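Colleague: What would the 3D arrangement of this be:
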Amino acid sequence: MGSSRESISRVPVMDSVNAGSKVYVLRRDEAPPKPLSRDYAQELNPQQLAAVEVVEGPALVIAGAGSGKTRVLVYRVARLIDTGIDPASILLLTFTRKAAQEMLGRVGLLIGPQSDRVMGGTFHSVANVLLRRYGRTIGLEPGFTILDRGDSEDLINLVRVQSGLTETGKRFPRKKTIADLFSKCANTMQPIEDVLLSEYNHFGEFLGELTKLHEAYESTKRQRQLVDYDDLLTRLLELLTLDERAGRMISETYRFILVDEYQDTNRLQADVVRKLAATHQNVMAVGDDSQSIYSFRGATVRNIMEFPGLFPGTRIFKLEENYRSTQSILALANEIIQGATEQYSKTLFTQKGQGERPALVQTIGESPQSGFVAQKILELREEGMPLNDIAVLFRSSFHAFDLEIELAKRDVPFIKRGGFKFLETAHVKDVLAHLRVVHNPLDTVSWNRSLLLVEGVGQKRARDLIAQLASSEAPHETLRQGSGRAALGLSNLAAALESVGGVEDGSPPDQINRLLEYYYPILKERYDDYPKRIRDLEHLLVMAERYGNLEGFLADVTLEPPDESVTGIEAPDRDDERLVLSTIHSAKGLEWRCVFVIWLVDGRFPSSYSFLTDEELEEERRLLYVAVTRAKQHLYLTFPVQVYDKITGSVLSKPSRFLDDVSASLVESWSVVEENEPWR
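Modeller: Below you'll find the predicted structure:
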């Protein structure tokens, strides 16, 4: 019996109770959930609401064009705060300070002053704050100096001199080009060799010198507590990687991270985001892979495509309802982007109605294309559409040169965004100066510009020569009498001007071709980006094809130059109106009631330079998608069927390959003919 009592006494009382007892749970004394201050379901569409309601974990919002991307970011920040999350734990990363300020201002309107405690700003401004707070462990004192771009270029020049790299014996890249090269290396996280060969291969022979200069530049900055714009991110990544304690502290401070325009991030920015989220993975990236068009700045579409792989468990939300365009325009955009080889599939739709079909406009050449655009714009304005509701978009700045002249002739005021206006480009000014001298040997302004391009001719020598030329009956012989270091250059100038003036039929394209043979070596010596400028000058030949003599050509580009039309022409009663001419890169994020997209010709759009790699060609497709989705009501896509080639003359062109798979039912085909020209 004793042993039995011993065994019973060892049975835990709770085991006995749990065996057959009814359980009664005491609840904790917690306050009921605080009701949200807004009815989010009433203010957002279902797709937007689903994204806004996310709290924990990684999320990717694929926001189609015009689908309310900013609204989602604003409402998600507001809702996080509304649910009781500390505003100071929220980090909003944008690409401009203005964007961050506007978003947080809208958050404040929704939920009040709590939004003031949210950390919001550009990648670089946030990095600046964090480096001043935690940077000592990587050798950065809080008082480090940030170099602007001009300071960086000057430091590069100083280091180059100190490193003994001034006497290379050959044409070394200028400081601005070197700064661009170093910046691209930082943002793409690629070695100098790779960037040099892909972006600046005409300077490939200087790889050794540039590598040495880069090392010296980096060393000098660290020694002197200097940080350039790109260093803000490279040093922040260094801090987050090497200082485990600081990295963990920063990550735990910002437990909810939102990134705007994620498709425009570069490799460096993506790595920074990954490190910032190391302790929680609460990242919401918002963007559109179909609008990734800034690879020339170092951005890569791979970041948004690979986001789910970098953040396992990512929930993907798609915003497909468009609030900007008619369904006819969206149908065309959907079909264009459907041809992309890799994408997050989505189909844009709208409640705005069908609208008119986009027009696919064929013209004989560039001049009729410009004529059509100018005439149609004037018609739209007569129908009551303000000029600032209309935009003409193009792949490259020089595609608009001919149109600028046409608009100037018709007194249509415009502003141009992206690139330079026709007569603002130095290399075009150079060529025109020589042509003016041929046409009018008494043009002292043009003589001055032409002479200053000759090696060994400075301001004083140019003035003396102009005085001699003014009184000379044989100016070319006067040039050949030059002496000293400038003698050979002056003789070559004389020969070039004689050659241009000796064209029998006075054909402007032939005259320009002869002049370019002389000018190209000067161009290569003066400008590091001469390959791009050569393309501009080749287009000058296209423009000149429409003229039968030099006088008419120079009259159009000089008597009423396109840049004067911006400031010198006012529309009656609507003097604040300006038509917008813009590269597509500069038009992203904007919208107009009516949009013209010009030069939809294979080799122009997509650019022939994109044919080298599938990645570049895919970006060109996305560029067209961006252009099309800028239009709200009216869309005109134009292409000339004849293109001028400097070697063979006029050749038949092929419409952009991106139109090959577009159903004929989605567009209305137009053919432009001259008045009184027979047509069927």
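Colleague: G589: what secondary structure?
Modeller: Secondary structure, DSSP: H, G, I helix; E, B strand; the rest coil: G589 is coil.
Colleague: Count the neighbours of it for me.
Modeller: G589 has 13 neighbours, counted by other Cβ atoms under 10 Å. Yep, even glycine has a C-beta here, placed from its N, CA and C like the rest.
Colleague: what does the one 5 residues further on give?
Modeller: Counted with other Cβ under 10 Å, the burial measure for C594 works out to 18 neighbours.
Colleague: That one belongs to a helix?
Modeller: No: using three-state DSSP, the secondary structure at C594 is strand, not a helix.
Colleague: Identify the residues contacting it.
Modeller: 380, 385, 389-391, 631-636 (Cβ atoms under 8 Å, 6 or more residues apart in numbering).
Colleague: Grab the most central residue of this protein for me.
Modeller: Nearest to the geometric centre of the chain sits H585, at 4.3 Å (Cα atoms, centre = their mean).
Colleague: Quick one: residues contacting that one.
Modeller: Contacts of H585 by Cβ under 8 Å, 6+ apart are 293-294, 418, 623.
Colleague: now, among those, which is nearest to E43?
Modeller: I293 (30.8 Å; Cβ to Cβ).
Colleague: Work out for me the element the closest residue to that closest one other than its chain neighbours sits within.
Modeller: Once flanking residues are discounted, I293 sits nearest to L623: 5.0 Å by Cβ to Cβ, 6 or more residues apart in numbering. Taking DSSP states H and E as the definition, L623 sits inside helix 614-628.
Colleague: Downstream of that helix, the next helix or strand is which one?
Modeller: The helix or strand immediately downstream of helix 614-628 is strand 631-640, counting by DSSP H and E.
Colleague: So for that next one, mean pLDDT?
Modeller: Strand 631-640 comes out with an average pLDDT of 97.
Colleague: for stretch 250-258, same thing?
Modeller: Mean predicted lDDT for stretch 250-258 stands at 96.
Colleague: now do stretch 330-348
Modeller: 93.
Colleague: Could you do stretch 159-176 as well?
Modeller: In this model, stretch 159-176 carries a mean pLDDT of 77.
Colleague: CA atoms of that stretch as PDB?
Modeller: What follows is stretch 159-176 as a C-alpha-only set of coordinates in PDB (Å, rounded to 0.1, in the frame of the first residue of the first chain):
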ATOM      1  CA  VAL A 159      44.400  64.200 -59.200                       C
ATOM      2  CA  ARG A 160      45.300  63.600 -62.900                       C
ATOM      3  CA  VAL A 161      48.000  66.300 -62.700                       C
ATOM      4  CA  GLN A 162      49.300  65.000 -59.400                       C
ATOM      5  CA  SER A 163      49.400  61.400 -60.800                       C
ATOM      6  CA  GLY A 164      51.400  62.500 -63.800                       C
ATOM      7  CA  LEU A 165      48.800  61.500 -66.300                       C
ATOM      8  CA  THR A 166      48.800  64.800 -68.200                       C
ATOM      9  CA  GLU A 167      51.400  63.800 -70.800                       C
ATOM     10  CA  THR A 168      49.900  60.900 -72.600                       C
ATOM     11  CA  GLY A 169      50.900  62.000 -76.000                       C
ATOM     12  CA  LYS A 170      47.400  61.400 -77.300                       C
ATOM     13  CA  ARG A 171      43.900  62.900 -76.900                       C
ATOM     14  CA  PHE A 172      42.900  62.000 -73.300                       C
ATOM     15  CA  PRO A 173      39.300  62.200 -72.200                       C
ATOM     16  CA  ARG A 174      38.200  65.400 -70.600                       C
ATOM     17  CA  LYS A 175      37.300  65.700 -66.900                       C
ATOM     18  CA  LYS A 176      33.500  65.600 -67.500                       C
END
